[in-house]
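**Q** Here is the input, now give the coordinates:
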Amino acid sequence: MRTKRLAPLLATAGLLATSLPLLSATQAAAAPAPSDYQPQQPSWHRCDPDRPAAYECATIKVPLDYQRPRGAVVDLAISRIKSPDPAKRHGVMLLNPGGPGGSGLDLPLMMEESMPKEVRERYDLIGFDPRGVGASSPISCGLNETEQNFDRAYRPETFPADVAWARTVADKCREKAGSVLPHITTRNTARDMDSIRAALGERKISYVGYSYGTYLGAVYTQMFPSRTDRFVLDSGVDPQRIWRGMIQVWATEAEPAFARWTRWTAERDGEYRLGSTPQAVSATFWGLVARADREPIEFQGMKLTGDDIRSARGLFFYPQQAAPLVAALKAAAEGAPQPAGAAVPDLKKLLSAPAPASDNGTAVFWSVVCGDTGAWPRDPGQYARDAARDKARYPLYGDIASNIKPCAFWQRPAEAATPMKTRANVLTVQNEWDSQTPLVSGQGLHRALKGSRMVLAMGGEGHGVYLADPNSCANAPVNSYLTTGRLPDRDVTCRTAPAPAQRQDVLPAPKPLPLPSGPRRF
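**A** You can find the predicted model right below:
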């Protein structure tokens, strides 16, 4: 399980009316767990006979509602691999791979084999499945595969069906798990992280969080600043954009990525034959979209509509992979032989994913993104207007991003979103060309966390930086920080060479891992 296995893991994602009363503003502001809640010590055991003996697992119980610590509880599955050198041990490092809805139990195994020795020996690596995920009292809304897909292009004639889908998802979640989902939120997961800290007997925690895990880590720094040690927040979620804005940023930032791709491809017209100018390349692409809207294009065993092609917007963050694929699509549309030379990515990996074993990841995703903030519009007409506007402004993905989501019919959140007011001396890390948490999002996280430093890998492509790309220029400053605890004196900007075209393991996934697959996740 080497570094290359970390990249696909990261490439990549409070509900409805219940009988539980909303918390008052005073209660919502109370960050620490009530004093009469004391988590038990973990009872560690070998996770699996087929896994290394050093990889240990345990389960602790935490309150479903931290304002009712003697009420219902949920299981929290945790794992660890201890420091190989107790004399050099600094403390514990919690790990989160993103989501919302991603399992983190296996992360100690992946990080243990990927981290350099001088970092690895300083920490006990602690993985966990966030509440509601995997082995931590998993939740379900009973959604089928179709109901779990939210890539819905806006068209006036199909919008009523989109509204019906969004309402159905919300209704099924309320009926299946309405008493639990209001408590599956980022703030409660941050409280769970602090419960893990207490259960381990630690004064502080260190942390590496990717993607959604950056927002989770940021919330922890605000709720528990005195317990925050060395935090690395990799591929940042902008706290000002949660959560509709984080979906919409996929549309706004796909446009400069697409423009970059047209320039790159025009310079190589002799190889790809898509146009000798950026304008010509763009015209070729949109001609294919229009053609597929009239009659689906048969390609790689699929019949692709124009909306299918547009929904692969993440591909254009990788010019060396987008160009051969579009060239092959053009050949298929024209009935011409497939171009020779560059490897053509498998579009099925971009447009579909294996049917999920359950809707667990999807249920957690909607619970968090709908339950973290009350900023979602409640009027379906607002979504229709926004989607029509954004289809014109951001033609690649704008209408899909702004179309109606189940949060339109969600229960109002039990707590307000977490303000980013407390100084946080943490390290944020970002690739320049990240399809899931684009650069502007990572910059927004850096601005929000006063006292933070940013490591920006210019030229870096892909979602997930530290250890996900062994060649990233960002690895060295992150390793230095985790080893010494000293932040860089100033922000660091370095340059990483783009991944070569043959690196199929870093293709942008339509349903960003970690599994279980569900909606596109962060």
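**Q** ranges for the strands of the protein?
**A** 45-46, 56-63, 73-81, 91-96, 123-128, 205-210, 228-234, 297-299, 302-304, 427-433, 453-461, 492-495 (DSSP state E).
**Q** check contacts around Asp129.
**A** Residues in contact with Asp129 (Cβ atoms under 8 Å, 6 or more residues apart in numbering) are Leu76, Ala77, Ser103, Gly104, Leu105, Ala135, Ser136. Yep, even glycine has a C-beta here, placed from its N, CA and C like the rest.
**Q** between these, which is closest to Gly236?
**A** Of all the contacts of Asp129, Gly236 sits closest to Gly104, with 18.0 Å by Cβ to Cβ.
**Q** got a pLDDT number for the nearest residue to that closest one once chain neighbours are set aside?
**A** Counting by Cβ to Cβ, 6 or more residues apart in numbering, Gly127 is the residue found nearest to Gly104 once chain neighbours are left out, at 4.7 Å. The score at Gly127 is 98. That number is its pLDDT.
**Q** Quick check: the gap between the spatially closest residue to Pro319 that is not a sequence neighbour and Leu274.
**A** Ranked by Cβ to Cβ, 6+ apart and with sequence neighbours excluded, the top spatial neighbour of Pro319 is Trp264, at 4.0 Å. Separation of Trp264 from Leu274 (Cβ to Cβ, to the nearest Å) stands at 11 Å.
**Q** For burial, what's the neighbour tally of Ala259?
**A** 14 (other Cβ atoms under 10 Å).
**Q** before we move on, back to that, present the strands of the chain as CSV; the columns should include distance to Gly314 and mean neighbour count.
**A** Rendered in CSV, the data for those read as follows (distance: least, Cβ to Cβ, whole Å; neighbours: other Cβ atoms under 10 Å):
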stretch, distance to Gly314, mean neighbour count
strand 45-46, 39, 10
strand 56-63, 34, 20
strand 73-81, 30, 22
strand 91-96, 21, 25
strand 123-128, 27, 25
strand 205-210, 16, 27
strand 228-234, 18, 25
strand 297-299, 18, 19
strand 302-304, 16, 16
strand 427-433, 10, 26
strand 453-461, 11, 22
strand 492-495, 22, 15
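**Q** is it possible to export these to a markdown table including distance to Arg486?
**A** Shown next, in a markdown table, are the strands of the chain (distance: least, Cβ to Cβ, whole Å):
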| stretch | distance to Arg486 |
| --- | --- |
| strand 45-46 | 36 |
| strand 56-63 | 31 |
| strand 73-81 | 25 |
| strand 91-96 | 16 |
| strand 123-128 | 16 |
| strand 205-210 | 13 |
| strand 228-234 | 10 |
| strand 297-299 | 52 |
| strand 302-304 | 51 |
| strand 427-433 | 10 |
| strand 453-461 | 10 |
| strand 492-495 | 13 |
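**Q** and of the ones you listed, who's closest to Pro256?
**A** strand 427-433 (9.3 Å).
**Q** and the angle for the closest one with strand 453-461?
**A** 20 degrees (axes from the mean of the first three to the mean of the last three Cα atoms, to 10 degrees).
**Q** Quick one: list the elements packing against strand 427-433.
**A** strand 228-234, helix 439-448, strand 453-461, helix 475-484 (3 or more Cβ pairs under 8 Å, 6 or more residues apart in numbering; DSSP states H and E).
**Q** Using PDB, write out every CA atom in that strand.
**A** Coordinates of each C-alpha in strand 427-433 appear next as PDB, following Å, rounded to 0.1, in the frame of the first residue of the first chain:
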ATOM      1  CA  LEU A 427      -0.300  24.800   7.500                       C
ATOM      2  CA  THR A 428      -2.600  24.800   4.400                       C
ATOM      3  CA  VAL A 429      -1.500  23.000   1.300                       C
ATOM      4  CA  GLN A 430      -2.800  23.400  -2.300                       C
ATOM      5  CA  ASN A 431      -2.300  22.400  -5.900                       C
ATOM      6  CA  GLU A 432      -2.700  25.100  -8.500                       C
ATOM      7  CA  TRP A 433      -5.000  22.800 -10.600                       C
END
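**Q** State the mean pLDDT of it.
**A** The model assigns strand 427-433 a mean pLDDT of 98.
**Q** Generate a markdown table for the helices and strands packed on strand 427-433, with distance to Thr422 as supplementary columns.
**A** Formatted as a markdown table, those follow (distance: least, Cβ to Cβ, whole Å):
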| stretch | distance to Thr422 |
| --- | --- |
| strand 228-234 | 9 |
| helix 439-448 | 11 |
| strand 453-461 | 16 |
| helix 475-484 | 20 |
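**Q** Between those, which one is closest to Glu147.
**A** helix 439-448 (27.4 Å).
**Q** re earlier: give me the subset of the contacts of Asp129 lying in helices.
**A** Among those, none falls in helices (DSSP state H).
**Q** Return the member of those nearest to Lys391.
**A** Closest to Lys391, out of all of these and judged by Cβ to Cβ, is Ser103, at 35.0 Å.
**Q** Tell me which of the helices and strands packed on strand 427-433 lies nearest to Phe365.
**A** Among the helices and strands packed on strand 427-433, the nearest to Phe365 by Cβ to Cβ is helix 439-448 (17.3 Å).
**Q** Which elements pack onto the closest one?
**A** helix 212-223, helix 244-266, strand 427-433, strand 453-461.
**Q** Can I get that helix as PDB, trimmed to CA atoms?
**A** C-alpha atoms of helix 439-448 as PDB (Å, rounded to 0.1, in the frame of the first residue of the first chain):
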ATOM      1  CA  LEU A 439      -7.200  27.200  -5.900                       C
ATOM      2  CA  VAL A 440      -9.600  30.000  -5.000                       C
ATOM      3  CA  SER A 441     -11.200  27.700  -2.400                       C
ATOM      4  CA  GLY A 442      -7.800  26.800  -0.900                       C
ATOM      5  CA  GLN A 443      -6.900  30.500  -0.800                       C
ATOM      6  CA  GLY A 444     -10.200  31.200   0.900                       C
ATOM      7  CA  LEU A 445      -9.400  28.700   3.700                       C
ATOM      8  CA  HIS A 446      -5.900  30.300   4.100                       C
ATOM      9  CA  ARG A 447      -7.500  33.800   4.400                       C
ATOM     10  CA  ALA A 448     -10.100  32.600   6.900                       C
END
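**Q** Tabulate the helices and strands packed on helix 439-448 (JSON lines), appending distance to Gln38.
**A** Putting the helices and strands packed on helix 439-448 into JSON lines (distance: least, Cβ to Cβ, whole Å) gives the following:
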{"stretch": "helix 212-223", "distance to Gln38": "18"}
{"stretch": "helix 244-266", "distance to Gln38": "36"}
{"stretch": "strand 427-433", "distance to Gln38": "32"}
{"stretch": "strand 453-461", "distance to Gln38": "36"}
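**Q** In this structure Ala457 contacts Glu432, no?
**A** Yes - between Ala457 and Glu432 there is a contact under Cβ atoms under 8 Å: 6.4 Å.
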